[in-house]
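> Got a predicted structure here, sequence first:
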Amino acid sequence: MGASRDVPFPAGYHHLIEQKVIGYGADAFDAAATHLCAWGMHCDAGLDVRADAPTASPGTSVELRWGIGPVRLTFSCRVVYVLDEPRRKGFAYGTLPGHPERGEESFVVEQRPDGTVLATISAFSKPGRWFTRLGGPAGRVVQRVMTRKYLEALAEAAR
């Protein structure tokens, strides 16, 4: 675990990297970073978050739950590292047994020297359960939709 720190990502996995400029200045950076590390981004994307700690820290276990009506999915993950630099904050988690996918995902907010605040979401994953293997490309579509929701949640927090 922790392989999401390095690019290129491991072979044999689907790779995703998406970035979005979400604001400008120290206030935007601080707001987005705080929102990210306190699970706010996940909540704003429509997930029910149940974590061992109020903020992401190495070893924290988190259950992300999503569903409509009687159909419910639980995505269990563990934080594998945290970034806590003056102008770069975030974390990554790896999937735990039972998660529909196998892999890692990182979430980073950084303030560039020109003041621009950039959010980056990176992941490597492959199907981890029978229904995600059966679903094929549908899993990639869901991952892209959630990534865009996460980026929009961070942009809203930075406003």
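Received, thanks.

> Buried ones in the helix or strand bottoming out on mean pLDDT in the chain, by neighbour count?
In the chain, no helix or strand scores lower on mean pLDDT, DSSP states H and E than helix 130-135, which sits at a mean of 78. By neighbour count on 16 or more other Cβ atoms under 10 Å, the buried set for helix 130-135 is T132. Heads up, the C-betas are built off the backbone N, CA and C, glycines and all.

> Where does D114 sit, in terms of helix or strand?
Under the criterion DSSP states H and E, no helix or strand holds D114.

> Tell me how far G94 lies from A28.
As judged by Cβ to Cβ, to the nearest Å, G94 and A28 stand 29 Å apart.

> longest strand in this protein, by residue count?
When the chain is scanned for its longest strand (criterion: DSSP state E), the result is strand 71-85.

> Break down the protein into its helices, ranges please.
26-37, 40-44, 130-135, 138-158 (DSSP state H).

> pLDDT averaged over the longest one - what is it?
Per-region confidence: helix 138-158 scores 93 on mean pLDDT.

> And that helix, what's buried?
Those would be 139, 142-143, 146-147, 149-158, for helix 138-158 by 16+ other Cβ under 10 Å.

> do the same with the second one
For helix 40-44, a neighbour-count test (16+ other Cβ under 10 Å) marks G40, M41, H42, D44 as buried.

> again, but for stretch 71-78
Applying 16+ other Cβ under 10 Å to stretch 71-78 flags F75, S76, C77, R78 as buried.

> picking that back up, then the longest strand of the chain to CSV, C-alphas only?
Extracted C-alpha coordinates of strand 71-85, given in CSV (Å, rounded to 0.1, in the frame of the first residue of the first chain):
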residue,chain,number,x,y,z
VAL,A,71,-29.6,-1.1,-3.1
ARG,A,72,-26.7,-0.2,-0.9
LEU,A,73,-22.9,-0.5,-1.4
THR,A,74,-20.2,-0.1,1.1
PHE,A,75,-16.7,0.9,0.1
SER,A,76,-14.2,0.1,2.9
CYS,A,77,-10.8,1.8,2.8
ARG,A,78,-7.8,2.6,4.9
VAL,A,79,-5.7,5.8,4.7
VAL,A,80,-2.2,4.8,3.6
TYR,A,81,-0.5,8.2,3.8
VAL,A,82,-1.2,11.9,4.4
LEU,A,83,0.4,14.9,2.8
ASP,A,84,0.8,17.9,5.2
GLU,A,85,3.0,20.4,3.5
